[in-house]
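J.: Need a 3D model of the sequence below.
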Amino acid sequence: MNILVAPILGALCAVSVDGGSLVLQADVVHGPEGPIENGRILIRDGKVAAVGEGLELPDDGHLIELEGHLSAGLVAMGDQTGLKGEELDSTRQVMDGADLAFGYDKTAKGWQAFLEAGVTAVLLTPKPGALVGGRTAVIKPAGAVVQRRAHLHVCFSTAAFKRGVAPASYPGAISMLEERMAAPVGGFALVSKGLGVLLAAKTRSEALRAVAFAQRHGLTGALSGVARAGDLADEIHAAGLGVILPPIATAADPRVAASAVALGKKKIPLSFSLGAASRSPHSLRLSAVRCIQAGLDRDAAWKALTSGAGEIANAPVGSLTVGHDADLVLWSGDPLDLASRVERVWIEGKQVHGDDDQ
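T.: Sure, this is the predicted structure:
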């Protein structure tokens, strides 16, 4: 028997929510310690209270028996859906005070597509264009802000260079960043106190500059946007950074998926990005499957879609850990089988997508 229970639960019969506890049972539950056949998830006050097989139904509980696989929701990294311009200012290259959470519009079109793809959390990041694009945020599609300050976004690519606005070169950009690290205020003061950084780059040389900067200052966080980051697995591992992998389409260069395998062998934390608001959220699973086909361990790929992404985002999302919000997805089959479809989605224990929405 495999059961995870919140320490404060005591006897399960004492657990209740508004109107009673909710217990979801599925053919397979993808729990924190692996798949559980005929598993159950106990939900109380919108949070995961217990996960396992053989959970007894509380006296005030309501049992829903489901066919399929039940898992934590997916986490999409690096998207701009719903932003209303908080991240845009063509006159400034350092916007460390910009807070993307303020620009989040939960009523924006597009959020339904995330739920249909099984995505229950999104890391909002600025569009490329500023050396320092502000503080990233973790939100739930058309829902709450989970983490207002996930990282400080720093761009090491040429997208940060604009005519007539400093910096105009890589040395100038590094110099500007070093000045702010030496006398930290605003977002840099938060970094000096432990806020992670999200380092955006494209090419190998840009990635090396970003990794060296992080290592020089002992920064935590992740490297984002580098298609072949695996070529720098040793350097990234030495810096203690995670990696947000770019979308990997069916026709992508095979070396991109192979790069994820190299990162996985080094146990570097991984996650997957959408890269653009126009990209379908369904591409997250495609990216993961492409990496599995290249040799990435299935468990590592699943973690990159869920709890590993949550860890990189510095937010309690993508996991069925006891005490986390009950953000769940019911799949028709194995979620890493692209033929499987999303049947239902719950956020904080409330069904928000699927048949008989309630």
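
J.: Residue ranges in the stretch 1-150 of the chain under the pLDDT threshold?
T.: Along the stretch 1-150 of the chain, segments meeting pLDDT under 70 span 1-19, 85-92.

J.: would you list every one of the helices in it?
T.: 111-116 (DSSP state H, counting those that start in this stretch).

J.: for the stretch 151-300 of the chain, same thing?
T.: In the stretch 151-300 of the chain, the helices defined using DSSP H, counting those that start in this stretch lie at 170-182, 187-192, 204-217, 233-239, 254-265, 283-294, 298-305.

J.: mind listing what the closest residue to Q215 other than its chain neighbours touches?
T.: Computed as Cβ to Cβ, 6 or more residues apart in numbering, the closest residue to Q215 that is not its neighbour in sequence is A239, at 4.2 Å. Placement of C-beta: from N, CA and C, glycine included. Contact analysis of A239 by Cβ atoms under 8 Å, 6 or more residues apart in numbering lists V211, A214, Q215.

J.: Could I get those residues in TSV, plus columns for neighbour count?
T.: Listed next are the contacts of A239 as TSV, based on neighbours: other Cβ atoms under 10 Å:
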residue	neighbour count
V211	24
A214	22
Q215	15
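
J.: just curious, which of those is nearest to L124?
T.: A214 (21.3 Å; Cβ to Cβ).

J.: Nearest residue to that closest one in space, ignoring adjacent ones along the chain?
T.: A239 (5.1 Å).

J.: Quick check: the gap between that neighbour and K266.
T.: 11 Å (Cβ to Cβ, to the nearest Å).

J.: circling back: let's have the contacts of A239 in a markdown table, adding distance to K47.
T.: Shown next, in a markdown table, are the contacts of A239 (distance: Cβ to Cβ, whole Å):
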| residue | distance to K47 |
| --- | --- |
| V211 | 37 |
| A214 | 34 |
| Q215 | 37 |
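
J.: Dump those residues into a markdown table; add distance to V243 and pLDDT as well.
T.: Listed next are the contacts of A239 as a markdown table, based on distance: Cβ to Cβ, whole Å; pLDDT from 0 to 100:
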| residue | distance to V243 | pLDDT |
| --- | --- | --- |
| V211 | 10 | 98 |
| A214 | 12 | 98 |
| Q215 | 15 | 97 |
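
J.: what's G295 in contact with, if anything?
T.: With contacts defined as Cβ under 8 Å, 6+ apart, the neighbours of G295 are A258, V261.

J.: now it: how far from H30?
T.: Going from G295 to H30 by Cβ to Cβ gives 22 Å.

J.: cool, D327 as well?
T.: Distance of D327 to H30, given as Cβ to Cβ: 13 Å.

J.: what's the overlap in contacts for these two?
T.: A72.

J.: In terms of neighbours, single out the busier of the two.
T.: More neighbours surround D327 than the other of D327 and H30, with 30 against 24 (other Cβ atoms under 10 Å).
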